[in-house]
Each structure stands twice: as C-alpha cells, then as structure tokens.
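> Using only what follows, build the 3D model:
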Amino acid sequence: MKNVTVVGSLAIDNIISTGVIPNSGETVFGTSFDTAFGGKGANQTVALGRLGARPFMVGAVGNDSNGKAIIENLKKNQINLDFVGTVPQATGTAHIILYDDDNRIIVVPSANNEVTLDNLKDDFWSLLKDSELVILQNEIPQVTNEAIINYCYEHHVNVLLNPAPARKISEELIEKITYLTPNEHELSILFPHLTREAALAKYPQKLVVTLGSKGVYFHDGKHEILVPAFKVKPTDTTGAGDTFNGAFAYAILKHLDLKNAIKFGNLAASISVQGFGAQGGMPTLEKMKESEFYEKTWHFE
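This next block holds a predicted model:
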C-alpha cells in the first residue's frame, strides 16, 4: 500500500451525557462527564491506523497538555507524525452532548485554524504527490483544502473529502474530488437545489451519502443503491462517521469495489458505536474479522 495522508483536525472531546436537553436560559443536570481524543482528522487517521494502514497525519496542536496527550495517543496508534506541528494557540476542542442515543457537537478549532498554506512544511507537497489517497474534512481552513484538492487533481492523486462540518464548495471543486462523503444534512447544504436522488445520479461512483442507522447510498452509474447499516444497540455514536470514512478509505486502498468498500465501512462503524468516545470503539482488523458479518472474500491481511 502506498502512502495514505490525512490532512485535518486534532482535538480533545469534552463529553456530557444527559437525559434532558436544556431550553434557552435553563439549567439541567447531566449524568456524566468525560474527555476523549477527537478531531475528525485525527479520528479518521486512527481508524486507518487501527486497521493497519500506517497513515501520515498532517495538522496542528497547541503547546499545552491537551496537545501533548494527543501526540502520545497518535504514537500509540502507529500514526506518522512528521507533519504534525505545534503552534502557540490552544489545542482544538469539541464539546459533545450525548442524548437519546444521538449527539450534538460544538467544535472550537483553535490550533486547527493554523493548518494554513504558510505553515505547511516545504516537503508537504511531495508527501501528497507520493500518496495513493489524500483524506480531508472541513475542520481546517477552506483555502487549505481547496489548494490541496487542486494540487492532487493536477498530479492524479485521489482525494476523499468528508464535508463536515458542512459548508458550500464550488461545482468545479467537486469535479476534482474522487470521493465525497456527506451525511444527509451536509448533502442538503452542498446541493440545496437537488434531491438526494438527483445529486447521486449527477455524481455516480463519487457521491457517498451516509444516513446513520439507515445505511449508505451511492449511484453505480445505472441505479441508486442502498447499502444497509448493521443493526446494533449503540453506546455512543460519536465518531461513527469518522470510523466509516477511515474504514471506507482503507477498503478503497485495498481495491474493493465501491459497494464492498461501503459495506466494510458500515461494519467498522457498527462496531465503533458500541464503544465510548470517538476513537474508543474503533476496531482493529482482527476485531472486524471476529464479526459474523465480515466477508471472507475481502482477503485483508
């Protein structure tokens, strides 16, 4: 497997569990508070690392205890950290409310806003050029993502963009992306004038729409296809989408067709939601092989 590079966010998640969502001006009691490692970039990199991909992570942390803890965690997950920098700003955080088997998240980017073109190392572009797949999300500056997508397109490097949090991008840029993986809310912002069916038909083999417990839709060029999710009782859905994206990318790198790559991603996500925290339940390949739903024909070593 050639290099896989993830350019994105690193963060500490602050997680509150509650049985009541407060109204404006209201104070309610939570049932628990925890911290965990997060950031969409880091999550997707760890998902790849757990499966054995040995990815490169590109991003920034602050010179604080949170940043140091994130670096140690990434080392434990076999992530290449040559392109993770330390900046004066605080390390990024996400503030997560768990309620009724679902989550609400507020992200404070902080150091992640410093993943700018001026701050990238000189040999960063060579890293991209030598990569088989580059993975992006929307928790770093848009101008950085756009420059990376344009560079990869010019040098025939595949790009996966997970457009979360949602923000509009140009049709010209979408054409240069290999795989686009929004959820249903993000899809409505990307394509406000198109139905899901119309958007999928417009971008066959590119647009992959995740619908949580319902499954994942894509279009094979002839038909719209739903790849069902695996039914499990979730403990914490935080990071399920990131686990899906990391595992989906791993399967693509292993040359599975799109439908099987989505199925592999769905299985990884179904395992992840049975753990706690964005990264807590992310499975290893060995853990996935223990599942009754693992396809023996995948032949992953």
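> Now residue 14: which helix or strand?
Taking DSSP states H and E as the definition, residue 14 sits inside strand 11-18.
> Which neighbours in the sheet does that strand have, and how are they oriented?
strand 30-38 (antiparallel), strand 92-99 (parallel) (DSSP bridges).
> how about it: buried residues?
Residues of strand 11-18 classed as buried by neighbour count (16 or more other CB atoms under 10 Å): 11-15, 17-18. All C-beta atoms are positioned from the backbone trio N, CA, C, and that covers glycine.
> ok, back up a step: how about the strands paired with strand 11-18, which one is nearest residue 246?
Closest approach to residue 246 among these (CB to CB): strand 30-38, 13.3 Å.
> send the alpha carbons of that closest one over as PDB?
Only the C-alpha atoms of strand 30-38 are listed here, as PDB (Å, rounded to 0.1, in the frame of the first residue of the first chain):
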ATOM      1  CA  GLY A  30     -26.100  15.800  33.300                       C
ATOM      2  CA  THR A  31     -25.400  12.200  34.100                       C
ATOM      3  CA  SER A  32     -21.700  12.100  33.400                       C
ATOM      4  CA  PHE A  33     -18.700  14.000  32.000                       C
ATOM      5  CA  ASP A  34     -15.700  12.500  30.200                       C
ATOM      6  CA  THR A  35     -12.900  13.600  28.000                       C
ATOM      7  CA  ALA A  36     -11.600  11.600  24.900                       C
ATOM      8  CA  PHE A  37      -9.400  12.100  21.900                       C
ATOM      9  CA  GLY A  38     -11.100  13.500  18.800                       C
END
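> chain center to that strand: distance?
20 Å (CA atoms, centre = their mean, to the nearest Å).
> next one: stretch 203-218
14 Å.
> Report the separation between the residue nearest the centre of the chain and residue 250.
Centroid-nearest residue in the chain: residue 242, 3.3 Å away (criterion: CA atoms, centre = their mean). Separation of residue 242 from residue 250 (CB to CB, to the nearest Å) stands at 13 Å.
> For the stretch 101-250 of the chain, just list every one of the helices.
In the stretch 101-250 of the chain, the helices defined using DSSP state H, counting those that start in this stretch lie at 124-129, 142-154, 171-176, 184-190, 196-202, 240-253.
> ok so, going back, give me the common contacts of residue 242 and residue 250.
Here residue 242 and residue 250 have residue 47 as joint contacts, going by CB atoms under 8 Å, 6 or more residues apart in numbering.
> among the strands paired with strand 11-18, which is the most enclosed?
For those, the largest average neighbour count (mean count of other CB atoms under 10 Å) is found in strand 92-99, namely a mean of 21.
> what's in contact with that one?
Here strand 92-99 has contacts from 9-21, 38-39, 61, 66, 103-112, 139, 236, 238, using CB under 8 Å, 6+ apart.
> are any of these buried, and which?
Buried by 16+ other CB under 10 Å: 9-15, 17-18, 38-39, 61, 66, 103, 105, 107, 109-112, 139, 236, 238, out of these.
> Note down every partner strand of the least confident helix or strand in the chain by mean pLDDT and its orientation.
In the chain, no helix or strand scores lower on mean pLDDT, DSSP states H and E than strand 102-108, which sits at a mean of 86. The pairing partners recorded for strand 102-108 under DSSP bridges are strand 92-99 (antiparallel).
> Dump the strand it pairs with to PDB, restricted to CA.
This file holds the C-alpha atoms of strand 92-99, laid out as PDB (Å, rounded to 0.1, in the frame of the first residue of the first chain):
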ATOM      1  CA  GLY A  92      -8.700  22.300  19.400                       C
ATOM      2  CA  THR A  93     -11.700  21.100  21.400                       C
ATOM      3  CA  ALA A  94     -15.100  19.600  20.700                       C
ATOM      4  CA  HIS A  95     -18.000  19.800  23.100                       C
ATOM      5  CA  ILE A  96     -20.400  16.900  22.800                       C
ATOM      6  CA  ILE A  97     -23.800  16.400  24.300                       C
ATOM      7  CA  LEU A  98     -25.000  12.800  24.300                       C
ATOM      8  CA  TYR A  99     -28.800  12.500  24.500                       C
END
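> tell me how far it is from the chain's mean position?
Computed by CA atoms, centre = their mean, the separation of strand 92-99 from the middle of its chain amounts to 16 Å.
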